[in-house]
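**Q** next comes the sequence, and after it the predicted model I'd like to discuss.
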Amino acid sequence: MKKFNTSILDNDFKEKEEYLTKLEIELLKKELLNEAKARFLERNLPYSLLDCIRLDSLEELDSSIEILEQEFLKAVEAEVSNRLSTYEPKITKNYNQDPFLQGLNR
């Protein structure tokens, strides 16, 4: 009886198994990315921040979105406060020259 060279079959099997594992990981990341996009849409977060989150697992996705949302809202609030605190409205001393008031008098 002739003996088969099983090492060739083992190598072929390992290569296919590695390829399938890579495909599964890519599919999982795509699914997590789609889930992240849906959650960003729900929370009104910009898609440009998608690169800042972890796509390793659903738990890490949730955690990183929570942290990102908190930091994003802090930054927005700080900028809004800064802009509102530095705004000084112009006060016109001569009301006759105010184009808005002149428009109301018509």
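**A** That came through fine.

**Q** just want the most central residue of the protein.
**A** For the chain, the residue nearest the mean C-alpha position is L50 (2.8 Å; Cα atoms, centre = their mean).

**Q** I figured that residue hits F40, correct?
**A** Yes. Using Cβ atoms under 8 Å, L50 is in contact with F40, at 6.8 Å. In short, each C-beta sits where N, CA and C put it, glycine included.

**Q** can you report phi and psi for D56?
**A** The phi and psi values for D56, taken as degrees, to the nearest 10, are phi -80, psi -30.

**Q** equivalent analysis for the one 10 residues further on, please.
**A** Phi and psi for E66, reported as degrees, to the nearest 10, are phi -60, psi -50.

**Q** that one and F40, how far apart?
**A** 12 Å (Cβ to Cβ, to the nearest Å).

**Q** these two: which has the busier surroundings?
**A** Neighbour count, other Cβ atoms under 10 Å: between E66 and F40, F40 has more, with 19 against 12.

**Q** what about the nearest residue to that one once chain neighbours are set aside, how many neighbours?
**A** Ranked by Cβ to Cβ, 6 or more residues apart in numbering and with sequence neighbours excluded, the top spatial neighbour of F40 is Y47, at 6.1 Å. The number of residues packed near Y47 is 10, by other Cβ under 10 Å.

**Q** against L33, how distant is Y47?
**A** Taken as Cβ to Cβ, the span from Y47 to L33 is 11 Å.

**Q** please apply the same query to N82.
**A** The gap separating N82 from L33 is 33 Å, by Cβ to Cβ.

**Q** equivalent analysis for Q70, please.
**A** According to Cβ to Cβ, Q70 and L33 sit 21 Å apart.

**Q** of the two, who's got more company?
**A** Remark: of Q70 and L33, L33 carries more neighbours, 14 against 10, as counted by other Cβ under 10 Å.
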